[in-house]
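**Student:** need a 3D model of the sequence below.
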Amino acid sequence: MEKRMNRNELIALIKTLKISKSNFWVLSSGALVLRGIYPDAGDLDIAVNDRGLKELKQNYNLIAKPNSNFYKVTENIECVCDGPKSKLKYKPEKVGDFYVQNIYEYLEYLKSSNREKDKKRIPIVEEYIKNKNLKKMEWEYDDTVDYIYGAYRIQKPDNNRIKLINDILCNEEMDGFFDKNPINEFETILAFCYNMIQYKVYDKFFFDKYLELVQSYKNGEYDNYLFDKEKDKKQIDEHIKIVEEYIRSKK
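**Tutor:** So this is what the prediction gives:
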């Protein structure tokens with residue numbers, strides 16, 4: 001009989017993973033355990049983006065499971081690659097230190113399943129949604145970086161740049177979080193600029209817009225709106241340095 005893991009044991013196992021936190025999210029019963037609404041999990045199932053799969057392949061001898069799109073990572077860890085976060089129908093949510101499967105995505109899966117154990121979890125998940133009244137995701141700056149460039153790349157060449165920004169800030173997939181948080185226009189523009197540098201793309205509109213907004217950030221006007229102040233400020237400051245060095249190189 002398999003040894004099942006409680007929340008502390010599951011977290012200890014997750015911490016052994018040789019993969020960046022932003023590149024994977026916990027699935028199924030493991031996600032419920034992390035949310036505190038299920039007692040234990042028999043193993044750890046994770047989804048990864050393309051970068052996460054590359055990291056796992058570098059650090060583990062992955063074994064493809066027959067008749068499945070899952071890989072066996074270790075004896076009690078399995079993974080599936082879901083591609084970039086920007087293309088997901090449901091975005092992963094942050095619970096504690098880790099990302100987990102979107103609760104609405106999991107509920108949709110449970111309702112489509114014929115397995116008895118899945119049917120028994122439906123009322124647990126529905127009660128959780130009801131009690132928490134989930135209306136928004138916890139969205140950090142690194143999520144913005146992951147999302148933004150995908151949004152830019154899929155736009156049509158003649159799209160109005162201001163409309164593109166407004167569409168992102170009011171995107172329903174983000175559950176209205178962006179339009180309630182004054183820092184997000186700056187974070188969005190910074191993420192555009194940072195990603196453009198990485199992909200060797202230059203769109204002057206976004207860099208000019210960055211220069212309009214950055215001083216408010218440097219003056220501390222957005223500090224109270226940061227979701228994870230210590231983590232976000234560190235990453236934002238690093239990206240500001242990269243962007244400003246790039247802007248100087250263009251003069």
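**Student:** for this structure, longest helix please?
**Tutor:** When the chain is parsed with DSSP state H, its longest helix is helix 229-250.
**Student:** pull out the buried positions in that helix.
**Tutor:** Judged by neighbour count (16 or more other C-beta atoms under 10 Å), helix 229-250 contains these buried residues: 232, 235-236, 239-240, 243. The way it works is simple: take the backbone N, C-alpha and C, and place the C-beta from them, glycine included.
**Student:** equivalent analysis for stretch 188-208, please.
**Tutor:** 188-197, 206-207.
**Student:** now, which of those sits nearest S249?
**Tutor:** Nearest to S249 among the buried residues of stretch 188-208: I197, at 10.0 Å, using C-beta to C-beta.
**Student:** wouldn't the closest one be in contact with Y246 here?
**Tutor:** Yes - using C-beta atoms under 8 Å, I197 makes contact with Y246 at a distance of 5.2 Å.
**Student:** so which of the buried residues of stretch 188-208 comes closest to W25?
**Tutor:** Using C-beta to C-beta, A191 is the member of the buried residues of stretch 188-208 that lies nearest W25, at 19.7 Å.
**Student:** before we move on, which element is the closest one in?
**Tutor:** Here A191, judged by DSSP states H and E, is contained in helix 184-198.
**Student:** sorry, back to before: would you turn the buried residues of stretch 188-208 into TSV with pLDDT?
**Tutor:** As requested, the buried residues of stretch 188-208 are exported to TSV (pLDDT from 0 to 100):
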residue	pLDDT
T188	82
I189	86
L190	88
A191	85
F192	84
C193	88
Y194	86
N195	81
M196	82
I197	86
F206	86
F207	91
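**Student:** which pair in the residues you listed spans the largest distance?
**Tutor:** Pairwise distances across the buried residues of stretch 188-208 peak at 15.5 Å for T188 and I197 (criterion: C-beta to C-beta).
**Student:** for the helix holding A191, name the packing helices and strands.
**Tutor:** Applying 3 or more C-beta pairs under 8 Å, 6 or more residues apart in numbering; DSSP states H and E, one finds that helix 184-198 contacts helix 141-153, helix 161-169, helix 204-218, helix 229-250.
**Student:** that one vs helix 204-218, what angle?
**Tutor:** 130 degrees (axes from the mean of the first three to the mean of the last three C-alpha atoms, to 10 degrees).
**Student:** tell me the angle of helix 184-198 relative to helix 229-250?
**Tutor:** 50 degrees.
**Student:** starting at the chain centroid, how far to helix 184-198?
**Tutor:** Once both centres are worked out by C-alpha atoms, centre = their mean, to the nearest Å, helix 184-198 turns out to sit 16 Å from its chain's centre.
**Student:** again with stretch 187-203
**Tutor:** Counting by C-alpha atoms, centre = their mean, stretch 187-203 comes out at 18 Å from the chain centroid.
**Student:** how about stretch 95-107?
**Tutor:** Centre-to-centre, stretch 95-107 and its host chain are 10 Å apart (C-alpha atoms, centre = their mean).
**Student:** show the end-to-end separation of it, please.
**Tutor:** Length of stretch 95-107, first residue to last, C-alpha to C-alpha, to the nearest Å: 17 Å.
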